[in-house]
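Trainee: return atomic coordinates for the entry below.
(2 chains, ligands or ions: 1)
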Amino acid sequence: MSRISDTFNSLKKKGSKALIPYIMAGDPSLDATKQFVLDLESAGADIIELGVPFSDPLADGPTIQRAAERSLLHGTTLRKVLKLVKEIRTESDIALILMTYYNPVFKYGIDKFVAEAVKAGVNGVIIPDLIPDEAQDFIRLARNHKLDTIFLLAPTSTQARISKVVNAATGFIYYVSITGITGSRLSIGKHLKDNLNLLKSTTKKPIAVGFGISNPDEASAVSQLADGVIIGSAIVKLIAQGKGIKSFVKNLRKAI
Amino acid sequence: MRNKYKNVPDSKGHFGQYGGRFVPETLMPALIELEKAYKKYTKDKDFLKELKTLQTEFIGRPTPLYFAKNLSEYLDGPKIYLKREDLCHTGAHKINNAIAQALLARRMGKTRIIAETGAGQHGVATATGAAHVGLDCEIFMGSEDIRRQSLNVFRMRLLGAKVIEVTTGSKTLKDAINEALRDWTTNVVNTHYVMGTVFGPHPYPLMVREFQSVIGIEARQQIMQLEKRLPDCLIACVGGGSNSIGLFYAFLKDNIRMIGVEAGGHGIKSGKHAARFAGGSLGIFQGCKSYLLQNRDGNVLGTHSVSAGLDYASVGPEHCYLRDLKKIEYTYATDKEALKAFDLLSKTEGIIPALESAHAVAEGIKLAPSMSKNSIIILNLSGRGDKDVQEVARIKGINL
Ligand SMILES: Cc1ncc(COP(=O)(O)O)c(C=O)c1O
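Mentor: Sure, this is the predicted structure:
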């Protein structure tokens, strides 16, 4: 059982859902990121996604794009984020996921990345521009090292794509709530419900929903449809404004 | 083994280790739909007939293969022929692809097309295709390129397209592609993305190559008619690589020297260039695996070229593959060399080339002294220089 699966299992037993915040590592600094992780955990997060900045984040909207730009400007690299995870692990064992794009990982070397990420204490990875079709080698390495590979599904996904992603995903399935990029406006309608029901009939793996969830009401509504709720841009925005994130995350926790 | 270049890409878009599909899952169904439509309609008689008619009556094909006698004499070297893509409607080869994709978009039931543009030629071509076919059109363009290709911005607007300024990153072509991909991810249900070169996720590198291969098919027939033999050398500039593969593809089976010319900018050592083969390494960017200008952490580097159309951090995956097979050689021309070639072709032949194409001319100038007088070069004149005269005047310090 992976750390991430354990988390979903124990939440399920409690009849609760996973709160999964996203923050950009190195925005405004790696020290700050470490403190944010500890804050998020104490505010009730179950799993934390750490963004590793990339110069060309094509699945992200303006909020996360700018966070990546700021982080890169401060010299954040994948290497440094792995070091940060190691440091976090001296104080917390919350489930940690790295979210980045494929090129930084590819350039690092996928063998080296998988081995070092697991050694540092990373539990899973999300790479939005790496689809299962192109991920054979990566998946094999990740399985060997027990690193979860989380893949995405979207409202546009056909049955054939759903089967492929469901097979390749471990930890959970990341369902993208809207046809679009991060930070877009969410619409919680019949469409979302139908799509999630279809997905649930296809797989027993946990499903977390993300993209566009920006407040406790939306988090609450989504938590009734899925096993986990992912909140990114809304938190990244608070950090960009120099505001605290603890009370916002506590309110999210209460809502789901 | 002999025809290794023929069996690519594979069904997933791989040219050997290059190419493929590296995109958000949201786009996968659209790419699969596009691939199916492309396969279906390029076998469809009506589609092919409509495309053929547009090629002859709208684009003005076949474009001439012109013997550049003055340039050849001036260089005192081989016979240089120019494939006159600059005479295509809208002024560059880009229309060959854009019009075909616009037709495809309509048949797929899309109501809106979007595109990225660097030099503005692909934007103008796509706007033209949209106007002709009757589709809404939005073009993404970096603010740096909007500045240096302002004439083309106005042309796009005249053609009824909306030009969206991209102010992120380096504010050039790569950032325009990011924005176009984000728009496509959001509006994929009614929108077709008209990628302007042999780049991006499968099936774009294949599809754009096929739509541009008309250049080489014509050139091969024309040179056989004019000279009763094949040329000794082909030269073309390489941005994403569509005009070059378009010319080269019909000659791959022949044993001919082929040279792709990248943008050398201020020189490789300066770091201010777009010579992916001279200065890049294997990476994954904007949908495919290819050579990429990147730092050691895998972030994409800024590029520089006097020519907006060559100012891009990566290159079409098939080029990497053909380079490995030693079918095509790659070199670069600096800004200075391209500007000199721009002047020389204008003065000797009365043809003002696009700054992109001037990079190919610069290589012709370099190569000529080493070739015998009875040898033949075909140089792809991918576009005309009207769009560049303002920028060239600025560089020369002339106030228009
Ligand atoms: C006239 C002209 N030539 C060449 C290029 C480079 O593109 P490609 O390498 O795809 O032919 C461009 C791109 O904008 C162009 O406008």
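
Trainee: dig out what the spatially most central residue of chain A forms beta bridges with.
Mentor: The residue lying closest to the centre of chain A (CA atoms, centre = their mean) is A:E49, at 4.2 Å. Judged by DSSP bridges, the bridge partners of A:E49 are A:Y22, A:I97.

Trainee: pull the contacting residues for it.
Mentor: Applying CB atoms under 8 Å, 6 or more residues apart in numbering or on different chains to A:E49 gives the contacts A:20-23, A:97-99, A:126, A:230, A:232. Using the backbone N, CA and C atoms, a C-beta is placed for each residue, glycine as well.

Trainee: need the residues of the stretch 1-150 of chain A near chain B, please.
Mentor: A:54-59, A:61, A:65, A:72, A:77-79, A:102-108, A:128-131, A:133-134 (CB under 8 Å from any CB of the partner chain).

Trainee: how close does A:F172 sit to B:P9?
Mentor: Using CB to CB, to the nearest Å, we find A:F172 at a distance of 33 Å from B:P9.

Trainee: what about these two, which has more around it?
Mentor: Remark: of A:F172 and B:P9, A:F172 carries more neighbours, 27 against 21, as counted by other CB atoms under 10 Å in any protein chain shown.

Trainee: how much space separates the closest residue to that one other than its chain neighbours from B:A263?
Mentor: Excluding its sequence neighbours, the residue lying closest to A:F172 (CB to CB, 6 or more residues apart in numbering or on different chains) is A:P206, at 4.1 Å. A:P206 sits 49 Å away from B:A263, going by CB to CB.

Trainee: who has more neighbours out of the two?
Mentor: Comparing A:P206 with B:A263 by other CB under 10 Å, the one with more neighbours is B:A263, at 30 against 21.

Trainee: can you report phi and psi for the more buried one?
Mentor: phi -90, psi 120 (degrees, to the nearest 10).

Trainee: in the sheet, who's paired with it?
Mentor: Taking DSSP bridges as the rule, B:A263 bridges to B:A274, B:A333.

Trainee: mind listing what B:L282 touches?
Mentor: Taking CB under 8 Å, 6+ apart, we find B:L282 in contact with A:106, B:17, B:289-292.

Trainee: show me what it bridges to in the sheet.
Mentor: Counting by DSSP bridges, B:L282 forms beta bridges with B:Y291.

Trainee: what about the helix or strand hosting B:V261 and the ligand, touching?
Mentor: Under the criterion of DSSP states H and E, B:V261 resides in strand B:257-265. No - Strand B:257-265 lies out of reach of the ligand by CB under 6 Å from any ligand atom, never closer than 8.5 Å.

Trainee: ok, residues contacting the helix or strand bottoming out on mean pLDDT in chain B?
Mentor: Scoring the helices and strands of chain B by mean pLDDT, DSSP states H and E places helix B:143-148 at the bottom, with a mean of 91. Helix B:143-148 is touched from outside by B:117-120, B:153, B:163, B:165-167, B:170-173, B:176, B:308, B:311, B:391, with contacts defined as CB under 8 Å, 6+ apart.

Trainee: how close does A:A240 sit to chain B?
Mentor: For A:A240, the distance to chain B equals 16 Å [CB to the nearest CB, to the nearest Å].

Trainee: so where do the helices sit in the stretch 1-150 of chain B?
Mentor: For the stretch 1-150 of chain B, the helices defined by DSSP state H, counting those that start in this stretch cover B:28-41, B:45-54, B:69-75, B:94-107, B:121-133, B:143-148, B:150-158.

Trainee: need those in a markdown table with mean neighbour count and distance to the ligand, can you?
Mentor: Output for these, formatted as a markdown table (neighbours: other CB atoms under 10 Å in any protein chain shown; distance: least, CB to the nearest ligand atom, whole Å):
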| stretch | mean neighbour count | distance to the ligand |
| --- | --- | --- |
| helix B:28-41 | 18 | 18 |
| helix B:45-54 | 14 | 19 |
| helix B:69-75 | 17 | 18 |
| helix B:94-107 | 26 | 6 |
| helix B:121-133 | 27 | 3 |
| helix B:143-148 | 20 | 9 |
| helix B:150-158 | 18 | 9 |
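
Trainee: which of the residues of the stretch 1-150 of chain A next to chain B fall within helices?
Mentor: Under the assignment DSSP state H, these contribute A:65, A:72, A:78-79, A:102-108 to helices.

Trainee: mind putting those residues in CSV, neighbour count, distance to the ligand and pLDDT included?
Mentor: CSV is the format used below for these (neighbours: other CB atoms under 10 Å in any protein chain shown; distance: CB to the nearest ligand atom, whole Å; pLDDT from 0 to 100):
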residue, neighbour count, distance to the ligand, pLDDT
A:Q65, 23, 25, 96
A:L72, 18, 28, 98
A:L78, 23, 31, 98
A:R79, 14, 34, 98
A:Y102, 23, 24, 98
A:N103, 27, 22, 98
A:P104, 25, 27, 98
A:V105, 24, 28, 98
A:F106, 22, 24, 98
A:K107, 21, 25, 98
A:Y108, 22, 30, 98
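
Trainee: how far off centre is the strand holding B:V261?
Mentor: 12 Å (CA atoms, centre = their mean, to the nearest Å).

Trainee: which secondary structure elements does it contact?
Mentor: Secondary-structure packing of strand B:257-265 (3 or more CB pairs under 8 Å, 6 or more residues apart in numbering or on different chains; DSSP states H and E): strand B:233-237, helix B:242-248, helix B:276-279, strand B:329-334, helix B:335-349, helix B:355-367.

Trainee: among those, which is the most enclosed?
Mentor: Of all these, helix B:242-248 carries the top mean neighbour count, a mean of 31, counting by mean count of other CB atoms under 10 Å in any protein chain shown.

Trainee: skipping adjacent residues, who's closest to B:V315 in space?
Mentor: Closest to B:V315 by CB to CB, 6+ apart is B:R276, at 4.5 Å.

Trainee: and whatever residue of the stretch 151-256 of chain A ends up closest to the ligand, helix, strand or coil?
Mentor: Nearest to the ligand in the stretch 151-256 of chain A, going by CB to the nearest ligand atom, is A:I181, at a distance of 25.7 Å. Classification of A:I181 by DSSP: H, G, I helix; E, B strand; the rest coil places it in coil.
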